[in-house]
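Participant: Mind looking at a prediction? Sequence and model below.
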Amino acid sequence: MTDPVSAWHRLADTSVLLDGFHALKHAVRFGAEIPVAVAVDRASALALADDLAPDVRDTLDALLAEVPETTYRGLVPRPHPTGVAALAVRPSREANLERLAHTARTAPVVVLDNPRNLGNAGAVIRLAAGFGVTGVVTTGTLDPWHPTVVRGGAGLHYATAVERLSVAEVPPGPLFALDPEGDDIRGLKLPDDPVLAFGSERSGLSAELRARADHLLALPMRPQVSSYNLATSVAMTLYHWSATGGTINQLPARGD
Ligand SMILES: C[S@@+](CC[C@H](N)C(=O)[O-])C[C@H]1O[C@@H](n2cnc3c(N)ncnc32)[C@H](O)[C@@H]1O
């Protein structure tokens, strides 16, 4: 068996860090390829799995290698309370593009147009996973696989297709852009397969994205308030999509 610490050092620069038990649990559930996983206290980690995630217990039993606490602290930027960490393979751009381009889509694609805040991007990926969204696309310079985004997403990047694209590459489908100046979203039933676009925290929707939009939609908000936070706007919009007939699919895990 390969020494987990050597494997970690060999793979760390090119892998996705899964920080903590819950991130590892989610990544396993959604089919991530995980070459190395460590725990300071393997028995406690497996007891946590027995309690909270019996569906992945056997997989974790096979994956987790126990390492001394000092070794663990040397592997991760900051220790997680569960003392668990793993490295996962980042899905290829080609695989994500294929999932995003799949045309018989029955769930939305969320587009974040030039997001600036890594925590917002992570929160949106977690929402997208919960609502069975096909994918989360970002435009602009932010890397949606940045370690802080992955931490915010709790390992749920593997439950949807997360990719950075240009506005011209945004997948096809009726594009609904969210903007406080749009039509009230409450008057509309969204289709099954919308592209739902949200603007940057600083400057809102770009001119390029607006030009692609089929509809501008507003979330209810009283006049004295300028705007909502980006991630909460995505939450309300996905909730509206599901509450007006959108079906939350049980998407197959990666590789199925
Ligand atoms: C923090 S807001 C952007 C605020 C920015 N200063 C602006 O000029 O629009 C981030 C994004 O959340 C969405 N959003 C926020 N409040 C909204 C509302 N009341 N209706 C529709 N979308 C909203 C929009 O997509 C917006 O671009």
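Facilitator: Great, that's in hand. Just so we're clear, the structure is a prediction, and the values are computed from it rather than from any experiment.
Participant: only C-alpha atoms for contact and neighbour calcs from this point on.
Facilitator: Noted.
Participant: Contact partners for the closest residue to Leu209 other than its chain neighbours?
Facilitator: Nearest non-adjacent residue to Leu209, counting by CA to CA, 6 or more residues apart in numbering: Val167, 6.3 Å away. Counting by CA atoms under 8 Å, 6 or more residues apart in numbering, Val167 makes contact with 139, 208-209.
Participant: out of those residues, which are buried?
Facilitator: Among the contacts of Val167, the ones that count as buried by 16 or more other CA atoms under 10 Å are 139, 209.
Participant: what comes up buried for stretch 176-194?
Facilitator: For stretch 176-194, the neighbour count (16+ other CA under 10 Å) marks 176-180, 183-185, 190-194 as buried.
Participant: before we move on, what about stretch 56-75?
Facilitator: Neighbour-count burial for stretch 56-75 flags 56-57, 60, 63-67, 72, 75 (criterion: 16+ other CA under 10 Å).
Participant: Stretch 155-166 now?
Facilitator: 155-165.
Participant: Between the two ends of it, how far is it?
Facilitator: 25 Å (CA to CA, to the nearest Å).
Participant: can you give me the strands for this structure?
Facilitator: Applying DSSP state E to the chain gives strands spanning 16-19, 36-39, 64-66, 84-88, 109-113, 135-139, 161-164, 175-184, 195-198, 215-218.
Participant: Can you pull the residues of this protein lying near the ligand?
Facilitator: Residues of the chain lying close to the ligand by CA under 6 Å from any ligand atom are 178-180, 198-205, 217-221, 227-230, 233.
Participant: Surely Leu87 and Leu18 touch.
Facilitator: Yes - counting by CA atoms under 8 Å, Leu87 touches Leu18, with 5.9 Å between them.
Participant: For the closest residue to Thr141 other than its chain neighbours, what are phi and psi?
Facilitator: Spatial nearest neighbour of Thr141, excluding adjacent residues (CA to CA, 6+ apart): Asn114 at 6.9 Å. Asn114 adopts backbone torsions of phi 60, psi 50, taken as degrees, to the nearest 10.
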